[in-house]
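A.B. asks: Here is the input, now give the coordinates:
(chains A and B)
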Amino acid sequence: MSFPWAKHYEPKNPAMRWIDERLPLPRLVYSAVGAGYPVPRNLNYFWNFGVLAGVALVVQIITGVILAMHYTANIDTAFNSVEAIMRDVNSGWLMRYAHANGASFFFIVVYIHIFRGLFYGSYKAPREMIWLLGLVIFLLMMATAFMGYVLPWGQMSFWGAQVITGFFSAIPVVGEPIRQWLLGGFVPDQATLNRFFSLHYLLPFVIAGTIILHIWALHIPGSNNPTGVSVKGPQDTVPFHPYYTAKDGFGLGVFLILFSFMVFFLPNALGHADNYIAANPLSTPAHIVPEWYFWPFYAILRAFTVDLSFFGLFTIVEAKLLGVIAMFASILILFFLPWLDNSPVRSGNYRPKFKIAFIILVLDVLVLGFCGQMPAEEPWVMLSQLAAAYYFAHFLIVLPLISHFEKPLPLPGSITEAVLNKHRIKGERDALPGMGSATQPQPAE
Amino acid sequence: MKIILNLIGAFFVAILVWSFGAGAVEYLTSSHEESVEHKFHEEPLDVSFPSDGALGTFDKAQLQRGLKVFREVCAACHSLNQVAFRSLTDLGYSEDQAKTIAAEWPIETPSINPETGEAATRPSLPIDHFPAPYPNVVAARAANNNAVPPDLSLITKAREGGAPYVYSLLIGYRPVPADLPEANRPSTGLYYNPWFANLNLAMPAPLTSAGQVTYDDGTEASLPQMAKDVTAFLIWTAEPTLPARKQTGWAVILFLILATGLGYMAYRNVWIDQKH
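C.D. replies: Numbers count the residues shown, from 1 in each chain, chains lettered A, B, ... in the order given. Next up is the predicted model:
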């Protein structure tokens, strides 16, 4: 599809030929994830996470469909139906723990996938559309995960729904009507639970569709790579199958080991104890926290503590609304990233100043996450204010400035050159035949 | 457009820095005394259960003792809604024994009179869940000085600190310390327990003397022993499938390690002719 030297599908037996002539599905698969898709030969393990995210979605859909066979979306029976799944459904405990921890692992791999894209400049031309579609997937995931957490109708489900839909009531005039429209009432109730169940079942398939677009867009320019240098010729690529199917297979094994460890030995470590108490609208938990994957955004929300006022005379925007705007903005600004970072160099490996800013950003998001799960008390609020300030400054001020003033390191001429240089530096003796590498082996650094 | 985005960034940063400044001034000028609850609060005791750890499983004799403590002490006020009598076979009872335990349970299962349709009760069957001591929340509240005794099915999962917390709370009743401020002293109907979040608990000490329960297996019924046994029982009620989970986990992970090892070799083998 993407490169002239991509191999074309040739059916190996009459049955496949018969199918391919009538419905070229074998051809599509071959070109999308088979030997017909040339991929840069130098991808590192960070490039495993896209496939892992896809696997995580499949795990969620399979376990979710099975759970939905036993779950009842009714405020009187939802909590008990989840417990019945845990106790009386054959392997129901496995399905539920896999689904709950699967959500966490989906977010872990997607966060790594996003940060990989940030570091290696995978959002830059010509891959802007892949980045934008990826952000749409991320937003859909957040909506799906939030609604899924409401379904067991435990204390955190109920109060989480109360708090998160409460964001909308910060909008002047139309906020409260919007909130009531979303909930189907004044508080989370039967109408809320039923529609959340419906949407929680629907959205994963919307995600799957968006992933197809994401991969389609990926196949136009092909994958980025750790050097950020575009593919120049056939020597720069290997066929996806068997090279990257083998590497992804190994990565998948490591992923499944870690995932299984959590599911079988620490299944409740990422959850919250209060969600094992059935929802009680009359009893507010002491400390309402969202799931861990929302903590950084929750910290940004709560970092806004001062109303924006006209010299203290009258309030222009209340702190709560500012927090809500900032929280949504923290994701929306990522949609502008391809145009905020104007540096022609993609990979952070060749951008010394960007690299520092990137490392600060990673630490910054971890600090925000930490603050998000702490109670809204000092000094955590102050820490989250500094961290949130850097978050916005990074994308809206630091990156545009760096792309102006930074002097990038010299780029390798091609992917192959970078690979051979790496091996030369490593002191490997066997250069590729025909590459004319006459350099002497050097000691390892 | 870039300028606008820069300005938006500057706007957010300015407000956050302003908020930070305001918060910092507030923080530096206010006093930070440790709250009384925090000062007197105790962390859960260090206690272990046979179900702990990657190889943990249930000690059936202990669960049977725990059931007895639950029946004679806890069940008077606490429900166990999620658990059915039939699942008592997990504790090493035969189906007939489970049937007898259900039939002889001190509280009967709500039913209706088949002649008149009026509310009635009947002895429990193995398919029934443990009957609740009160017909509804209002009755529970009325009988307990306005505090509803929580359902205990999931209690070891539903509290921060888990089973060690439940154990500590059960034996954690103490005389009120002399230096406890007046505002934090238990009022009528409350009892001092430093393991409870606000130090004052509506539940009177449930385990009061050694030998309160007579164990059938001859184990000495000391206070810590009874607390430990009933907590072990409540770990079981919270997750009866725990042993299956851990055993399956070992099989799955050993298989995955093997498969991943083979996967790694396959990967190296595929890439052997390719520098990358």
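
A.B. asks: so where do the strands sit in the stretch 301-445 of chain A?
C.D. replies: A:308-310, A:314-317 (DSSP state E, counting those that start in this stretch).

A.B. asks: is any part of the first one close to chain B?
C.D. replies: Yes: under the criterion of CB under 8 Å from any CB of the partner chain, chain B is reached by strand A:308-310 at A:Leu308. In this view, the C-beta of every residue, glycine as well, is placed from N, C-alpha and C.

A.B. asks: Buried residues, stretch A:46-57. List them.
C.D. replies: Across stretch A:46-57, burial judged by 16 or more other CB atoms under 10 Å in any protein chain shown covers A:Trp47, A:Asn48, A:Phe49, A:Gly50, A:Val51, A:Leu52, A:Ala53, A:Gly54, A:Val55, A:Ala56, A:Leu57.

A.B. asks: if we can go back for a sec, Throw the strands of the stretch 301-445 of chain A into CSV and include mean pLDDT, thanks.
C.D. replies: Shown next, in CSV, are those (pLDDT from 0 to 100):
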stretch, mean pLDDT
strand A:308-310, 75
strand A:314-317, 78
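
A.B. asks: Now render those as a markdown table, adding distance to A:Pro11 and mean neighbour count.
C.D. replies: Converted to a markdown table, the strands of the stretch 301-445 of chain A look like this (distance: least, CB to CB, whole Å; neighbours: other CB atoms under 10 Å in any protein chain shown):
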| stretch | distance to A:Pro11 | mean neighbour count |
| --- | --- | --- |
| strand A:308-310 | 66 | 12 |
| strand A:314-317 | 63 | 12 |
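
A.B. asks: excluding its backbone neighbours, what's nearest residue 60?
C.D. replies: All of this is about chain A. A:Gly102 (5.0 Å; CB to CB, 6 or more residues apart in numbering or on different chains).

A.B. asks: Actually, chain B is the one I wanted.
C.D. replies: B:Lys60's closest residue in space is B:Gly92 (CB to CB, 6+ apart), at 3.7 Å.

A.B. asks: is it true that the one you found touches B:Phe58?
C.D. replies: No: look at B:Gly92 against B:Phe58 with CB atoms under 8 Å: they stay out of range, at 9.2 Å.

A.B. asks: So for A:Ser437, what pLDDT did the model give?
C.D. replies: Listed pLDDT for A:Ser437 reads 43.

A.B. asks: Centre-most residue in the chain?
C.D. replies: Using chain A here. By CA atoms, centre = their mean, chain A has its centre lying nearest to A:Val110, at 2.7 Å.

A.B. asks: wrong chain, I was asking about chain B
C.D. replies: Nearest to chain B centroid, counting by CA atoms, centre = their mean: B:Thr156, 1.6 Å.

A.B. asks: That one contacts B:Tyr167, doesn't it?
C.D. replies: No: between B:Thr156 and B:Tyr167 there is no contact, the gap being 9.2 Å when judged by CB under 8 Å.

A.B. asks: Quickly list what's touching both of those two.
C.D. replies: The contact sets of B:Thr156 and B:Tyr167 overlap at B:Thr231 (CB atoms under 8 Å, 6 or more residues apart in numbering or on different chains).

A.B. asks: Give me the pLDDT for the residue in the stretch 1-150 of chain B that chain A sits nearest to.
C.D. replies: The nearest approach of the stretch 1-150 of chain B to chain A comes at B:Gly9, 2.4 Å away (CB to the nearest CB). Model confidence at B:Gly9, given as pLDDT, is 85.

A.B. asks: for B:Gly189, same thing?
C.D. replies: So B:Gly189 comes in at 85 (pLDDT).

A.B. asks: can you check the one 3 residues further on too?
C.D. replies: B:Tyr192 carries a pLDDT value of 94.

A.B. asks: ditto for A:Pro290
C.D. replies: pLDDT, read off for A:Pro290, is 92.
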